[in-house]
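>>> Here is a sequence with its predicted model. Questions after.
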Amino acid sequence: MLLIDDDLVSREVLATLLTLSGLTVQTAENGESALALLAEGSFAPEIILVDVQMPGLSGAPLVRELRSRSRKWGRVRIFAISASRPPAEVIESADGFLLKPFGPEELKALLATQTKQPASDASDSGVAAQPDFDAGEEIISVKTLAQLRSMMPESGVREIFTVLVDDLDRRINAIQLAICNGSPVEVRRIGHAIKGGCSMAGAVQAARLGALIEEGAVEQPSASGAGSNHLDINAPVLLNLRAAAAGLRRMLGEGFPA
């Protein structure tokens, strides 16, 4: 199997789940590196799992190129994954679609099917945007944590969340830089990545805040109400995201819920 995802946390979680399910997994961090891997000819995947909302070559063009490059190995099934519902053309170009976050059972069901599956409803993602921050909100999904613990030792779970916290710190810094550069598109892209990676690992608080950032929570409306006239580096959602990251780091030090 070939797994293509630009989000490090999602890649780590999915690769671990797939490997523990008995699959041989190769990973690529973007569309270009995936095509280069296929061009080498030393790896012939039967299944390709691809995030369809990545920088660079992505979406339906990437799915079509993957299908063209892999045709020499016969029928290769290509399944799209994303933290948000992609355009209809993307879903139509793939053999199936899963909305992040998803667990082992949903993944197994998708891999077992031979026909297209309808995209799951966004309300099932667990990261629906909510305007208020609740300091008492669940930091890590107990259900997701239990699923991870059932599939790997505690050291593996800790490794996933260590990667997540380090990646979250890096993305928060990247958001600050994008705000200083006046790039709302880049801010929303990073918010989307935070939502996807954190939701896959069950970091529900950070995932929800990432969803708010993707929706433009740091953009200030202009007087006319059209578009935005500046980005606010001190927006409450960013302060709350830093608090969520600190909460995850604290749990790494003190221990996860039993």
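Ah, there it is.
>>> Just give me the residue closest to the centre of the chain.
residue 196 (2.6 Å; C-alpha atoms, centre = their mean).
>>> Relative to residue 10, how far out is the closest residue to it other than its chain neighbours?
Nearest non-adjacent residue to residue 196, counting by C-beta to C-beta, 6 or more residues apart in numbering: residue 83, 3.2 Å away. In short, each C-beta sits where N, CA and C put it, glycine included. Going from residue 83 to residue 10 by C-beta to C-beta, to the nearest Å gives 8 Å.
>>> go on, residue 164?
10 Å.
>>> who touches both of those two?
residue 197 (C-beta atoms under 8 Å, 6 or more residues apart in numbering).
>>> Between the two, which has more neighbouring residues?
residue 164 (28 against 25; other C-beta atoms under 10 Å).
>>> C-terminal to the longest helix along the chain, what's the next element?
Assignment by DSSP state H gives helix 154-180 as the longest helix of the chain. As assigned by DSSP states H and E, the chain's next helix or strand after helix 154-180 is helix 184-201.
>>> In that following helix, which residues are buried?
184, 186-201 (16 or more other C-beta atoms under 10 Å).
>>> Mutual contacts of residue 83 and residue 10, please.
Common neighbours of residue 83 and residue 10 (C-beta under 8 Å, 6+ apart) are 100, 196.
>>> residue ranges with poor pLDDT in the stretch 51-200 of the chain?
104, 113-137 (pLDDT under 70).
>>> 90 instead, please
Where the stretch 51-200 of the chain drops to pLDDT under 90, the residues are 55, 68-76, 83-88, 90-92, 95-157, 200.
>>> who's in contact with residue 1?
Here residue 1 is in contact with 18, 23, 24, 25, 26, 45, 46, 47, 48, 49 (criterion: C-beta under 8 Å, 6+ apart).
>>> same thing but 7 Å
Residues in contact with residue 1 (C-beta atoms under 7 Å, 6 or more residues apart in numbering) are 18, 23, 24, 25, 45, 47, 49.
>>> And residue 205, by the same measure?
Contacts of residue 205 by C-beta under 7 Å, 6+ apart are 137, 138, 139, 244, 247.
>>> Check residue 142 too.
When contacts are counted by C-beta under 7 Å, 6+ apart, residue 142 touches residue 257.
>>> likewise residue 242?
So residue 242 contacts residue 172 (C-beta under 7 Å, 6+ apart).
>>> in what helix or strand does it lie?
helix 236-254.
>>> roughly how far apart are residue 53 and residue 81?
Distance from residue 53 to residue 81, by C-beta to C-beta: 9 Å.
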